[in-house]
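A.B. asks: I'd like to go over a predicted model; first the sequence, then the structure.
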Amino acid sequence: MARWRNGTGTLTITDRDGEGGTEVPLRIAASYRHRSRGLLGQDGIDGALMITPCGSVHSFRMRFTIDVAYLDRKFNVVAVHTMKPGRLGLPRLRARHVIESEAGAMAAWGLRPGMRVRITQQAG
């Protein structure tokens, strides 16, 4: 089991055959402080944010609509939702990680439930 640290990395999304691949810059929030802050106070994000461990999110005090993907321990996408500011997301019992991005980004990347993603963390 990987031990995640706050920092940066890459989210790789491939099609169901494992072909192709979209690489997305990723910020990782693993400490309590960074997980609590998330995207609060920001006007947008280039790429995505992974919050780990995490099974549910909210969008209170958010300035923009976000896409949220819930991932299980093996990085299978359990669910993908769009959340407007001021909403409380339902907890996902199987979720271990959450990926957040600007609304519409996940559809553009082709990210859907049932897919598996790969996350690599940059050393540092």
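C.D. replies: Yes, it's here. Bear in mind that the values here come from a model prediction, so they are computed numbers and not experimental data.

A.B. asks: Contacts for the one helix or strand residue 99 maps to next, please.
C.D. replies: Using DSSP states H and E, residue 99 maps to strand 97-102. Residues outside strand 97-102 that contact it (CB atoms under 8 Å, 6 or more residues apart in numbering): 11, 24, 26, 38-39, 44-45, 47-57, 64-71, 75, 106, 117, 119. Quick note: C-beta positions are derived from backbone N, CA and C, even for glycine.

A.B. asks: Pairing partners for it, with directions?
C.D. replies: Using DSSP bridges, strand 97-102 pairs in its sheet with strand 48-51 (antiparallel), strand 66-71 (antiparallel).

A.B. asks: Neighbours of residue 32, how many?
C.D. replies: 8 (other CB atoms under 10 Å).

A.B. asks: and if you look at residue 35?
C.D. replies: Quick note: residue 35 (other CB under 10 Å) scores 18 neighbours.

A.B. asks: just checking, it is part of a helix?
C.D. replies: Yes - using DSSP: H, G, I helix; E, B strand; the rest coil, the assignment for residue 35 is a helix.

A.B. asks: Let me see the contact set for it.
C.D. replies: 29, 51-52, 54.

A.B. asks: So which of the residues you listed sit within helices?
C.D. replies: Among the contacts of residue 35, no residue falls in helices (DSSP state H).

A.B. asks: Find the residue at the geometric middle of the chain.
C.D. replies: In the chain, the C-alpha nearest the mean C-alpha coordinate belongs to residue 99, at 0.5 Å (CA atoms, centre = their mean).

A.B. asks: pLDDT score assigned to that residue?
C.D. replies: pLDDT for residue 99: 98.

A.B. asks: pretty sure residue 23 contacts residue 11?
C.D. replies: Yes - the criterion here is CB atoms under 8 Å, and residue 23 meets it with residue 11 at 7.3 Å.

A.B. asks: in the chain, which helix or strand is least confident?
C.D. replies: Counting by mean pLDDT, DSSP states H and E, the chain has its least confident helix or strand at helix 32-37, which shows a mean of 90.
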